[in-house]
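>>> Give the three-dimensional model of this entry:
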Amino acid sequence: MADTPLTASDYPIAETQPDEVIGNRGKALSSLTMEAVLSGDISMEDLRITPRALEQQAQISESVGRSTLARNFERAAEMAQIPQDEVMAIYELLRPGRAASKDSLLDVAQKLRDELNAPLLADFIAEASRFYEMRGLFQKRY
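As a prediction, this is how the structure comes out:
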C-alpha cells in the first residue's frame, strides 16, 4: 500500500486499485475466480476481510470527514486479527446481564491490550464498562 493515505477518489478500492486488494493468504483479488474455487485453491481464509482492507476503509472514511466511521473501521481492523472464539466470548460478555462486574470487562480490556495487540478495542471495552456500571447492566436481568 502506498504511504499516502487513501481518499474518496480511491473508493471502491477493488475498482480503483485492485492490486491493493490482497487476502490473508496473499492472494490477489484477480485470483479469486470460480475456477480457483472449484479446484480447491480458494479457502474461506482467502475471502475474509483483512485488517489492511479495514484500515484502508478507515483512511477513506477519515478523508471525507467520517471520523466516527473511521474509528469503527480501525477497531474492526484490530478485531479481524483476534481469533473468532475470543471475539464471540467478548460479544457474549457484552450482552446486558452477562458480565458479573465492571472488573470482568476491565479484565477483557487488559487482555486485549496486553495479549491481543488491540488497544483501540481495549479502550472501547473499558469505556463500555463505565456505561454498564452507570446503567446497572451488570445485574442479572432474567
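>>> Please make it C-alpha for all contacts and neighbour counts, starting now.
Will do.
>>> ok, then the element right after the least confident helix or strand in the chain by mean pLDDT?
Lowest on mean pLDDT, DSSP states H and E among the helices and strands of the chain sits helix 44-47, with a mean of 90. Note on helix 44-47: by DSSP states H and E, the next helix or strand toward the C-terminus is helix 51-63.
>>> which residues touch the least confident helix or strand of the chain?
The contact list for helix 44-47 (C-alpha atoms under 8 Å, 6 or more residues apart in numbering) reads 23, 24, 25, 26, 27.
>>> From the chain's centroid, how far away is it?
When distances are taken as C-alpha atoms, centre = their mean, to the nearest Å, helix 44-47 is centred 16 Å away from the chain's centroid.
>>> In PDB, could you pull the C-alpha coordinates for the longest helix anywhere in the chain?
Longest helix in the chain by number of residues, with DSSP state H as the criterion: helix 119-135. Output in PDB follows, covering the C-alpha atoms of helix 119-135 (Å, rounded to 0.1, in the frame of the first residue of the first chain):
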ATOM      1  CA  PRO A 119      -5.600  -1.100  22.200                       C
ATOM      2  CA  LEU A 120      -8.500   0.600  20.500                       C
ATOM      3  CA  LEU A 121     -10.800  -2.300  21.300                       C
ATOM      4  CA  ALA A 122      -9.400  -2.300  24.900                       C
ATOM      5  CA  ASP A 123     -10.300   1.400  25.200                       C
ATOM      6  CA  PHE A 124     -13.800   0.700  23.800                       C
ATOM      7  CA  ILE A 125     -14.400  -2.100  26.300                       C
ATOM      8  CA  ALA A 126     -13.100  -0.100  29.200                       C
ATOM      9  CA  GLU A 127     -15.400   2.800  28.200                       C
ATOM     10  CA  ALA A 128     -18.300   0.300  27.900                       C
ATOM     11  CA  SER A 129     -17.600  -0.900  31.500                       C
ATOM     12  CA  ARG A 130     -18.200   2.600  32.800                       C
ATOM     13  CA  PHE A 131     -21.600   2.900  31.000                       C
ATOM     14  CA  TYR A 132     -22.600  -0.600  32.100                       C
ATOM     15  CA  GLU A 133     -21.900   0.300  35.700                       C
ATOM     16  CA  MET A 134     -23.800   3.600  35.300                       C
ATOM     17  CA  ARG A 135     -26.800   1.900  33.800                       C
END
